[in-house]
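[1] Fold the following for me, if possible:
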Amino acid sequence: MSEEPLGILRVHVKRGINLAIRDATTSDPYVVVTLGHQKLKTRVINNNCNPVWNEQLTLSIKDVSEPIRLTVFDKDRFSGDDKMGDAEIEMRPFLEAHQMELDFQKLPNGCAIKRIRPGRTNCLAEESSITWSNGKIKQDMILRLKNVECGEVEIMLEWTDGPGCKGLGREGSKKTPWMPTKRLD
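    Numbering: from 1, shown residues only. Sure, this is the predicted structure:
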């Protein structure tokens, strides 16, 4: 019997920026997003190191502590696809924004709820804003790819409490069921 999900996470894969060359003069990139046993991918954009995918991938979230990985590959016709870098999507700030005790409906459209700076614990290439937009909490981010000489991927996250989902809950307490307790040893 499967545990019911907390919600649905839409990962809007917008574009790649200055991706690594893996063929003679260019690459044929596509993005794979994985979470546990879920694995989704964008279409291949041929001969382009600055591709625009503009695709929405949908993940069912059951465990918020499980990492979401984004990997870029170069499609090869006659051999295995070449890896063009990877990044981990840091979900905690995005999920914490959902727990804030704000009346979101009273916020103006496009209002920034929280800003996250790049650091050693995330793959952000620049500051990322979590905003209230068109009745939803969204986060735009540019991820700097690791394990490669260059490249970034622009994405946008959007959370939805789908049918049959538990939701993140906003009971008015700082400690929520999905947030693990930190030990202060």
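[2] Name the spans of the chain whose pLDDT lies under the cut-off.
    1-2, 101, 169-185 (pLDDT under 70).
[3] For it, which segments count as strands?
    Listed in chain order, the strands of the chain (DSSP state E) span 7-17, 29-35, 38-41, 52-61, 68-74, 82-89, 111-116, 128-133, 136-144, 152-160.
[4] would TSV of these with mean neighbour count be doable?
    To be clear about C-beta, it is placed using only N, CA and C from the backbone, and glycine gets the same treatment. Listed next are the strands of the chain as TSV, based on neighbours: other CB atoms under 10 Å:
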stretch	mean neighbour count
strand 7-17	20
strand 29-35	22
strand 38-41	15
strand 52-61	17
strand 68-74	20
strand 82-89	21
strand 111-116	15
strand 128-133	20
strand 136-144	20
strand 152-160	20
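[5] Out of those strands, flag the one nearest Leu168.
    Among the strands of the chain, the nearest to Leu168 by CB to CB is strand 7-17 (6.5 Å).
[6] strands paired with that closest one, and their directions?
    Its sheet considered, strand 7-17 pairs with strand 52-61 (antiparallel), strand 152-160 (antiparallel) by DSSP bridges.
[7] Kindly reformat those as JSON lines containing distance to Pro29.
    Formatted as JSON lines, the strands paired with strand 7-17 follow (distance: least, CB to CB, whole Å):
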{"stretch": "strand 52-61", "distance to Pro29": "9"}
{"stretch": "strand 152-160", "distance to Pro29": "9"}
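[8] Ok, which of the strands of the chain comes nearest Gln105?
    Taking these one by one with CB to CB, strand 128-133 is closest: 8.9 Å.
[9] and the angle for that closest one with strand 152-160?
    40 degrees (axes from the mean of the first three to the mean of the last three CA atoms, to 10 degrees).
[10] Show me what strand 128-133 packs onto, helices and strands only.
    helix 92-99, strand 111-116, strand 136-144 (3 or more CB pairs under 8 Å, 6 or more residues apart in numbering; DSSP states H and E).
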